[in-house]
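[1] Generate a structure from the sequence data that follows.
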Amino acid sequence: MVCGQRPGNPRRGSSLRINGVPAATGRDRPAAIALVLRPAMRWGSLGALIAGVVIAAFAISRTQPKAQTIGADEAPVLAADIALGDAGRAGDKLTARKLLALQFTLVDVDGRIYARRDFLDDLKNTADAPASDVKVRSYGLLAAVTGRRKSAQNADVFFLDIWARQKGAWRALLRQEVATAAGDTPAAIASAPAPAVDAPPYECRNPCQTLPYRVRSLPEQDVIAAFQAIEKAIVAHDASEWSKHAAEEFVIYRSGHAPAGKSDRIAAIEWQKAANTPVTVAEVQSMRLAVYGDAAAMVTNHLMPDNSRPPYRAARLWVRRNGQWLMAISAQTDIK
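    Residues are numbered from 1 along each chain as shown. As a prediction, the model looks like this:
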């Protein structure tokens, strides 16, 4: 549902409103979204909404040929994501402000972190190009928009935008860019450096046993327990245990590496076990966690205790299925 939209005469204009904000529609993005979603919302017709979504998805796909078919749950999220991108390129702070959650953060491809206020103050300089190969996945009160685009620095990046349903409107919770590497073999399979001969055995305390985070609810505790189970499984080379806490659609994106799906990560863990490769996991320096019904967004800053990789910011989306929390996506960007 497109929120904050007032009923009106469709002949008076065709501009799309997302959360009560007009979204620009340029030559490369026809006004099909606006023309079909407005009457659907006015009359509450499910059939009109579905037809509108199909036409809108077709209109978007003309510039994004690999985009998925957008369903009724995903269409408002995609429209809001497009509106935020348009607002950035236009330097429209008023529109952007209404589309951002108070907790919003941006991590750009160079590892710079922008809080909401910093992002708005530097809006045009952080604006990226329209996206391609866009995919939208709804998780109830959270949704993920992913794809490829040119960053403000003109770099080719994968992006993860997480949107949260807050007070009846979709608002951007975070945007994160990752400069991934091309290739068919995920770099996650590469072995970790061997420890020195006289080095003491690695003991994973942070994050396996303790975290710098104060739990506020039972759902948060359950998400953290799942996260720690994943980290312990990586250290123990236990692919079976790791797989229990990852969704089937899981993909990890990491700076300078090829994306890795669930089967890739399982293969990496099994390879490391067969090679008897010791694994060190990154310590968590800070954590933000927000649970929205059966979905959760986790943002963490990490530091490797052996300095085997640069510090990085990770954005993870979790989903609860059959009473169990599963990690659905992880985006890791080296930070400065």
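
[2] Give me the contacts around stretch 100-116.
    Counting by C-beta atoms under 8 Å, 6 or more residues apart in numbering, stretch 100-116 makes contact with 84, 119-120, 122, 126, 151-153, 155, 157, 164, 166, 171-179, 255, 288, 290, 299, 312-313, 315, 333-336, all of which sit outside it. For glycine as for every other residue, the C-beta is placed from the backbone atoms N, C-alpha and C.

[3] Just the buried subset of the residues you listed, please.
    With burial judged by 16 or more other C-beta atoms under 10 Å, the buried subset of those is 84, 119-120, 126, 151-152, 157, 164, 171-179, 255, 290, 299, 312-313, 315, 333-335.

[4] Show me those residues that map onto strands.
    By the criterion of DSSP state E, membership of the buried ones among the contacts of stretch 100-116 in strands covers 157, 164, 171-178, 290, 299, 312-313, 315, 333-334.

[5] Residue 95 belongs to a helix, doesn't it?
    Yes. According to DSSP: H, G, I helix; E, B strand; the rest coil, residue 95 belongs to a helix.

[6] Near it, how many other residues are there?
    For residue 95, the tally of surrounding residues (other C-beta atoms under 10 Å) stands at 22.

[7] pretty sure it contacts residue 85?
    No. Shown here, residue 95 and residue 85 do not form a contact pair, counting by C-beta atoms under 8 Å, at 10.8 Å.

[8] Got the confidence number for residue 189?
    At residue 189, the model reports a pLDDT of 47.

[9] Could you do residue 41 as well?
    On the pLDDT scale, residue 41 is placed at 36.

[10] Could you do the one 5 residues further on as well?
    Reported pLDDT at residue 46 in the predicted model: 34.

[11] Likewise for residue 336?
    At residue 336, the pLDDT value in this model is 77.

[12] Could you tell me how far it is located from residue 89?
    Between residue 336 and residue 89 the computed distance is 24 Å (C-beta to C-beta, to the nearest Å).

[13] ok, now residue 234?
    For residue 234, the distance to residue 89 (C-beta to C-beta) stands at 40 Å.

[14] When those two are compared, which one has more neighbours?
    residue 234 (21 against 16).

[15] just checking, next helix/strand downstream of the helix or strand that the more buried one is a member of?
    Element membership for residue 234, per DSSP states H and E: helix 218-235. Downstream of helix 218-235, the next assigned helix or strand under DSSP H and E is helix 239-243.

[16] how close does the residue nearest the centre of the chain get to residue 219?
    Closest to where the C-alpha atoms of the chain average out (C-alpha atoms, centre = their mean) is residue 160, at 3.4 Å. Per C-beta to C-beta, residue 160 is found 22 Å from residue 219.

[17] if I look at the closest residue to residue 261 other than its chain neighbours, how far off is residue 154?
    Computed as C-beta to C-beta, 6 or more residues apart in numbering, the closest residue to residue 261 that is not its neighbour in sequence is residue 251, at 5.2 Å. Look at residue 251 and residue 154: by C-beta to C-beta, they are 25 Å apart.

[18] of those two, who's got more company?
    Taking other C-beta under 10 Å, residue 251 and residue 154 do not tie; residue 251 has more neighbours (20 against 9).

[19] before we move on, could you check phi and psi at that one?
    For residue 251, the backbone dihedrals are phi -140, psi 140 (criterion: degrees, to the nearest 10).

[20] So what pairs up with it in the strands?
    residue 261, residue 329 (DSSP bridges).

[21] Would you map the strands across the chain?
    Using DSSP E, the strands of the chain run over 16-18, 21-23, 100-107, 113-115, 132-139, 142-150, 156-166, 169-178, 246-254, 260-261, 283-292, 295-303, 312-321, 324-334.

[22] of all the ones you listed, which lies closest to residue 272?
    Nearest of these to residue 272, taken as C-beta to C-beta: strand 260-261 at 13.3 Å.

[23] list the helices and strands the closest one packs on?
    When contacts are defined as 3 or more C-beta pairs under 8 Å, 6 or more residues apart in numbering; DSSP states H and E, strand 260-261 sits against strand 246-254.

[24] For residue 91, grab the count of nearby residues.
    Residues contacting residue 91 under the criterion other C-beta under 10 Å number 12.

[25] Likewise for residue 287?
    Neighbour count of residue 287, defined by other C-beta under 10 Å: 18.

[26] ok, the closest residue to it other than its chain neighbours - contacts?
    Residue nearest to residue 287 in three dimensions, not counting chain neighbours: residue 213, with 4.2 Å by C-beta to C-beta, 6+ apart. Taking C-beta under 8 Å, 6+ apart, we find residue 213 in contact with 224, 284, 287, 289.
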